[in-house]
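J.: just a sequence and a predicted model for now, questions to come.
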Amino acid sequence: MKKYIGYLMVGIFSASFAIIGMNYFAKENSDNLITSTTDREDGSFSFVNYKGNYAFNAPDFVEASQRTVNAVVSINNFSTQKNQRHNDPFEFFFGFPQQQRNPDLPSGQGSGVIISDDGYIVTNNHVIKGSDKIEVVLNNQKSYIADLIGTDPNTDIALLKIEEKGLPFIKFVDSDAINVGDWVLAIGNPFGLNSTVTAGIVSAKGRSIDILRRNATNPIESFIQTDAVINPGNSGGALVNPNGDLVGINTAISSQTGTYVGYGFAVPSNLVKKVVEDIKTYGMVQRGFLGVGGLDLNDEYQIRMYNREMGTDLKSQQGILVQSVTDNGGAQAAGIRKGDIITEIDGKKVTSFNKLSFAVGSKNPGDKVTLKVLRDGKEREYTVTLRDQKGNASTRSLADLTVSEKLGAEFEPLTDRQKVSFGIDHGVMVKNMEQGGKLRGIGISEGFIILKVNDKEVSSQKDIEKILNNHKGRVSVSYVDPYGRIYTRGFTMD
């Protein structure tokens, strides 16, 4: 027994000595912590240690949330149109479309951002698309019927106005100054849950996901990508920095399920501000065009397809290969030719066609840009005066547009066969439609037949122009779809 007791005492002593020694060496090492990974002489690695006490300083989002949550509103879209959203890429993000239209229930819901104390509100175009009535509900549950001031399908931005004063609002901030890794907050109404705030970081900038093309003729996609949680109903809501300043309008998510999986996209505030100011000043968005069609030389897939089609051996590089030059466009007037490679615009590298479109689309007709191009291996510099799609090198207001331009379509008389087929003796066929026109906004597409405008029968484009020339106020349109169904819808002309 004495023998075992001796072994026990030795064990206890040894364990105590080991513990004391470990504490001593741990304290000794804690006074000599290093701040980076170091290689040992034998080629192995040591662990990273941090000198002093390390504490994570978490950002405080309370003030930013309190400053912004009352300036983000709920938007209800009331529409009597038949639900055509099943093929709409925004359906999953927009809200909760009703399968059976009930005039007392919204056909969709989204969010909006108050940007002035007198009631101007920014949202997404797809949130209010096809609406007969737009209801805005503040965070205090007070509701208003909003006027639609203008839309821009190319950026998916719309401007609304409610009659109220002294409203809380969010200020714009320079979105170019935000960096990948910066904290941001998303404020909106996901799944109808009013005033929801989520936080994340900027994951990427200048991102294109090709979601606007279906609803726009010349889309501009240069989204801010974020991992802040956003879901259906967030669309049109605010993306703000930790100071509570507006850096973007939440627009889309990348998802196979329709709900959040980690990637959200917002229109940058600089682009939003330009669109809003144009709509307020001119009644429509002013957009400059270079007048070129191009191939993105950073896109390996596009290059492979081009080489296969053209039998060439084009290599991947920075820049845009000019494939076509528009007649009467700014590029043609400046001397840009097919085959040139655009490498810079206003001193900034051209790394993708989307970034080139963003840089140009953020300017007005009449503005000048400086391009650097490669031609036959030599660098050249050109100054291009931007023009609009009609070749005009100056801004135009809504009042300067023709009736057809305002409606966003052209019209041709019906053939005798078409009249017999539809059982009518008058009407015009809609053709060459543009996104953002009045007719597109009420659900009319190419191939539809317009029967009456303001209760007057029409049989030619001249008939429509005569009725609506210098007209202001409500316009009613009766039309037939390709299935023979007749509708009457209305809109307002300023």
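T.: Received, thanks.
J.: can you give me the strands for the stretch 351-494 of the chain?
T.: Using DSSP state E, counting those that start in this stretch, the strands of the stretch 351-494 of the chain run over 368-375, 378-385, 410-413, 428-431, 449-453, 456-457, 473-480, 486-493.
J.: shaky segments in the stretch 151-300 of the chain?
T.: For the stretch 151-300 of the chain, no stretch has pLDDT under 70.
J.: and if we set it to 90?
T.: 151, 153, 191-195, 206-219, 232, 252-263, 282-284, 294-296, 298-300 (pLDDT under 90).
J.: all helices of it, in order?
T.: For the stretch 151-300 of the chain, applying DSSP state H, counting those that start in this stretch gives helices covering 269-282, 300-310.
J.: which among these is found nearest to residue 379?
T.: Taking Cβ to Cβ, helix 300-310 is the member of the helices of the stretch 151-300 of the chain nearest to residue 379, at 21.3 Å. For the C-beta atoms, the positions are set from N, CA and C on the backbone; glycine is no exception.
J.: list the buried ones in the closest one?
T.: 302-303, 306 (16 or more other Cβ atoms under 10 Å).
J.: next SSE downstream of that helix?
T.: Counting by DSSP states H and E, the next helix or strand C-terminal to helix 300-310 is strand 320-325.
J.: that following strand pairs with which strands, and in what direction?
T.: strand 292-296 (antiparallel), strand 341-345 (antiparallel) (DSSP bridges).
J.: those: which one's closest to residue 465?
T.: Nearest of those (Cβ to Cβ): strand 292-296, 31.4 Å.
J.: so how far is the closest one from its chain's centroid?
T.: Here strand 292-296 is found 22 Å from its chain centre; the criterion is Cα atoms, centre = their mean, to the nearest Å.
J.: likewise stretch 183-202?
T.: Using Cα atoms, centre = their mean, the offset of stretch 183-202 from its chain centre is 17 Å.
J.: use 23 as the first number from now on
T.: New numbering, starting at 23: the last item is stretch 205-224.
J.: okay, now it: how far is its last residue from its first?
T.: From its first residue to its last, stretch 205-224 covers 6 Å (Cα to Cα, to the nearest Å).
J.: list the contacts of the lengthiest strand in the chain.
T.: As assigned by DSSP state E, the longest strand anywhere in the chain is strand 218-229. The contact list for strand 218-229 (Cβ atoms under 8 Å, 6 or more residues apart in numbering) reads 81, 83, 87, 90-91, 200-212, 243-252, 256, 285-287, 290, 374, 376-377, 380.
J.: quick one on the thing from earlier: among the strands paired with strand 342-347, which is nearest residue 263?
T.: Closest to residue 263 of those, according to Cβ to Cβ: strand 363-367, at 27.0 Å.
J.: direction included, what does the helix or strand just after that closest one pair up with?
T.: Going down the chain from strand 363-367, the next helix or strand is strand 370-371, by DSSP H and E. Here strand 370-371 is paired, per DSSP bridges, with strand 363-367 (antiparallel).
J.: so how far is stretch 290-298 from its chain's centroid?
T.: With Cα atoms, centre = their mean as the basis, stretch 290-298 stands 10 Å off its chain's centre.
J.: just the CA atoms of that stretch, as PDB, please.
T.: C-alpha atoms of stretch 290-298 as PDB (Å, rounded to 0.1, in the frame of the first residue of the first chain):
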ATOM      1  CA  PRO A 290     -26.200  52.700 -58.100                       C
ATOM      2  CA  SER A 291     -27.400  56.000 -56.700                       C
ATOM      3  CA  ASN A 292     -25.400  58.000 -59.200                       C
ATOM      4  CA  LEU A 293     -27.400  56.500 -62.000                       C
ATOM      5  CA  VAL A 294     -30.700  56.800 -60.100                       C
ATOM      6  CA  LYS A 295     -30.100  60.400 -59.400                       C
ATOM      7  CA  LYS A 296     -29.400  61.100 -63.100                       C
ATOM      8  CA  VAL A 297     -32.600  59.400 -64.100                       C
ATOM      9  CA  VAL A 298     -34.700  61.200 -61.500                       C
END
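J.: what does that stretch rub up against?
T.: Stretch 290-298 is contacted from outside by 137, 142, 144, 174, 177, 179, 181, 194-198, 227, 242, 244-246, 268-271, 307, 380, 383-384, using Cβ under 8 Å, 6+ apart.
J.: just the buried ones among these, please.
T.: Burial by neighbour count, judged by 16+ other Cβ under 10 Å, picks out 137, 142, 144, 174, 177, 179, 181, 195, 197, 227, 242, 244-246, 268-271, 307, 380, 383-384 from those.
J.: ok, now how distant is residue 351 from residue 135?
T.: As judged by Cβ to Cβ, to the nearest Å, residue 351 and residue 135 stand 35 Å apart.
J.: neighbour count winner among those two?
T.: Applying other Cβ atoms under 10 Å to residue 351 and residue 135 shows that residue 135 carries more neighbours, namely 27 against 21.
J.: send the alpha carbons of the secondary structure element (helix or strand) that residue 353 belongs to over as PDB?
T.: Assigned by DSSP H and E, residue 353 falls within helix 352-356. What follows is helix 352-356, C-alpha atoms only, in PDB (Å, rounded to 0.1, in the frame of the first residue of the first chain):
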ATOM      1  CA  GLY A 352     -21.600  60.500 -82.800                       C
ATOM      2  CA  ALA A 353     -18.900  57.800 -83.300                       C
ATOM      3  CA  GLN A 354     -19.200  58.000 -87.100                       C
ATOM      4  CA  ALA A 355     -19.000  61.800 -87.100                       C
ATOM      5  CA  ALA A 356     -15.800  61.600 -84.900                       C
END
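J.: domains of this structure?
T.: 23-77, 85-304, 314-407, 423-515 (automatic domain parsing).
J.: just say which of those is most tucked in.
T.: domain 85-304 (a mean of 20; mean count of other Cβ atoms under 10 Å).
J.: need the contact list for the nearest residue to residue 343 once chain neighbours are set aside.
T.: Among residues not flanking residue 343 along the chain, residue 317 sits closest, at 4.2 Å (Cβ to Cβ, 6 or more residues apart in numbering). Residues near residue 317 by Cβ under 8 Å, 6+ apart: 324-325, 328, 342-343, 345, 375.
J.: ok so, going back, so what touches the helix holding residue 353?
T.: If you take Cβ under 8 Å, 6+ apart as the criterion, helix 352-356 is touched by 310-314, 344, 347-348, 393, 404-409, 415.
J.: what's the farthest-apart pair in these?
T.: Checked with Cβ to Cβ, the contacts of helix 352-356 reach their widest spread between 344 and 415, with 19.9 Å between them.
J.: and which of the buried residues of helix 322-332 is nearest residue 162?
T.: Nearest to residue 162 among those, counting by Cβ to Cβ, is residue 324 at 50.7 Å.
J.: ok now stretch 441-452, how far from the chain's centre?
T.: On Cα atoms, centre = their mean, the centre of stretch 441-452 falls 39 Å from the chain's centre.
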